[in-house]
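Student: Next come a sequence and a model predicted from it.
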Amino acid sequence: MGAGKGDAMILSIFKDCFETLFFKGDYSGCSRFIRLFADKSGHRRLAAFFSRDRCSRINVLTVDKEPGVNMDQTYIRDVSEHVGEEITIKGWLYNQRSSGKLIFPQIRDGSGIIQGVVFKKNVPERVWTDFEGLTQESSIIVRGRVRADERAPGGYELDVSDVEVLQTAEAYPITPKEHGVEFLMDHRHLWLRSRRQHAILTVRAEVIRAVRDYFDSNGFLLMDTPIFTPAACEGTTTLFSVDYFEDTTAYLAQSGQLYNEATAAAFGKVYCFGPTFRAEKSKTRRHLTEFWMVEPEVAYADLDDIMELAEDFITFIVHRVLENRRKELDEMERDISRLEKIEPPFPRLQYDDAVRMLQEGHEKGELESQFEWGGDFGSPDETYLSNRFDRPVMVHRYPAAVKAFYMKPDPERAELALCVDVLAPEGYGEVIGGGQRADDLAYLLKQIHEHGLPEDAFDWYLDLRKYGTFPHGGFGMGIERCMAWLCGIEHIRETIPFPRMLYRLKP
RNA sequence: UGUAGGGUAGCUCAGUUGGGAGAGCUCUUGUCUGUUAAACAAGAUGUCGCGGGUUCGAACCCCGCCCCUACAUCCA
């Protein structure tokens, strides 16, 4: 049973049992802990309910009210529970249409948008003139009665009785019309308020929560790896450097993997999750200079184990988003049927076979460039491959020469690396890269020398091969690329609140 | 870094033989008791990216620079 369904069942039991109980917030996805808000009577009856051990696996906390919120404030996401009641909404004016003696303000409060109705005849003159003078994004506190109405976007309306204007906003730059990319990016701090961006970033929070829930509930331990690092992890890609006190240069982390190989030896199954920095001068729709990456590392795992983990992990995230954020996906007009097809098993494609596929594509005239065995795939190649399948495709065993120094060579064909790239469907490119790590000291030393890396920078890493070396592997998933695919977004810059890109550091 | 396209009103854009700087939206005012990016009427808005050149005359042609976008290289 999915966690969300279980919660829905429990919530319905509560609603049947307790008249005095009221619910707020969003419980989706929390299978062990539910927080309820009840008055004193409800509190006592809840205690009795749980003493009968009907839901012993659920840890319930009861408090008198939602923390951090005034008792007199109602969030727009909760209005369906307040039909017929007089409520107070604290928020901003999203947009306003008027028609003579009628004004329809659209009010947003971060949790949703509700349409208000102001009849000139039914409100004091001050309220009417206050609304007449309101500009887009003015901050307001609105009082009114909730009513279900088919004509309203969202299905519920607020019959406004009173308004308090905190500030009449200056002319708001982002109008409900078309805007160009540059203008919107310059106003990213305001753009976040608009519907589509709100939906996208709500899904992002859901994806991140799913990532944490997945690893936390599958025996992984969170190990935060450092952001200041002494030298290149992989050598090839460019790093951001910062002054580290006198005479020392530190580099911003481009991966936590090498450190997680150490923590995996200490804790078995680990993951790190944090910002990652790459100073690559690439400006494409798939690149950020600062992005979030989650990297699991598993002791005694081989390449097949890692592929199975990646497949199960991606499926979990897709299911969670479909279950909890369907409204947001609809809001951004995502073709959900494409996501509903994401079920294991994912196709596993050997590099050799992928190359054959690309060459056939070229012969058929479906692919412009001629691909030669031995190279890494370019972006058009990845797109071509991923379009052959309706679910993520796992390409494994690339030539060792095009991959990082720490990859374990295939014992059956030493020229291949035991690695895997997961290509998202619909041309969204590589969302996961990983594989099995080289565990032989002599081989690693040879690789470090051949890649021209400083051996002394890796002395601690090489220690892991001296003191109980072990087979292990893992992968890294870029949150933003995964997001772009899940949400069907053209450009990765919309999947993070404040994107950092080549030539963009502000706002 | 390379290739291609672009920079004109607050926003989105049109503007060719080189000669009067424009449209829609936003905004302001007015009409309308159910608007859905409301509609209708009237009004306001400019360093044509910056610098130089050609010309009687440059948004338009030439040179240099700046900025943006897409793609490629790189990668998640």
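Tutor: Cool, the structure landed.
Student: Distance check, the spatially most central residue of chain A against RNA strand B.
Tutor: Per CA atoms, centre = their mean, the C-alpha nearest to the average position across chain A is that of residue A:204, at 3.1 Å. Separation of residue A:204 from RNA strand B (CB to the nearest atom of the strand, to the nearest Å): 13 Å. (Each C-beta comes from the backbone N, C-alpha and C, glycine too.)
Student: what's the helix or strand harbouring that residue packed up against?
Tutor: Assigned by DSSP states H and E, residue A:204 falls within helix A:195-216. Applying 3 or more CB pairs under 8 Å, 6 or more residues apart in numbering; DSSP states H and E, one finds that helix A:195-216 contacts strand A:221-222, strand A:269-277, strand A:290-299, helix A:303-324, helix A:326-331, helix A:479-487.
Student: Could you rerun that using 10 Å?
Tutor: On a contact count with 3 or more CB pairs under 10 Å, 6 or more residues apart in numbering; DSSP states H and E, helix A:195-216 meets helix A:188-191, strand A:221-222, strand A:269-277, strand A:290-299, helix A:303-324, helix A:326-331, helix A:479-487.
Student: State the pLDDT value of residue A:93.
Tutor: pLDDT for residue A:93: 93.
Student: so it sits right up against residue A:160, yeah?
Tutor: No - look at residue A:93 against residue A:160 with CB atoms under 10 Å: they stay out of range, at 11.8 Å.
Student: Next, show the common contact partners of the two.
Tutor: A:105, A:107, A:116, A:131, A:142 (CB atoms under 10 Å, 6 or more residues apart in numbering).
Student: The second one: what's it in contact with?
Tutor: Listed by CB under 10 Å, 6+ apart, the contact partners of residue A:107 are A:76, A:89-96, A:113-116, A:140-142, A:144, A:158, A:160, A:163.
Student: Quick check on it: phi, psi?
Tutor: phi -110, psi 130 (degrees, to the nearest 10).
Student: Apart from its chain neighbours, what residue comes closest to it?
Tutor: Distance criterion CB to CB, 6 or more residues apart in numbering; nearest residue to residue A:107, sequence neighbours excluded, is residue A:91 at 5.2 Å.
Student: what's the burial count for that neighbour?
Tutor: 20 (other CB atoms under 10 Å).
Student: Could you do the one 10 residues further on as well?
Tutor: Close neighbours of residue A:101, defined as other CB under 10 Å, add up to 11.
Student: any idea how far the residue nearest to it when sequence neighbours are not counted lies from RNA strand B?
Tutor: In this structure, residue A:101 finds its nearest non-sequential neighbour in residue A:120, 4.0 Å apart by CB to CB, 6+ apart. With the distance defined as CB to the nearest atom of the strand, residue A:120 ends up 7 Å from RNA strand B.
Student: Residue A:120 against residue A:126, yeah?
Tutor: No - using CB under 10 Å, residue A:120 is not in contact with residue A:126, being 12.0 Å away.
Student: Look at those two and report which has more neighbours.
Tutor: Neighbour count, other CB under 10 Å: between residue A:120 and residue A:126, residue A:120 has more, with 15 against 10.
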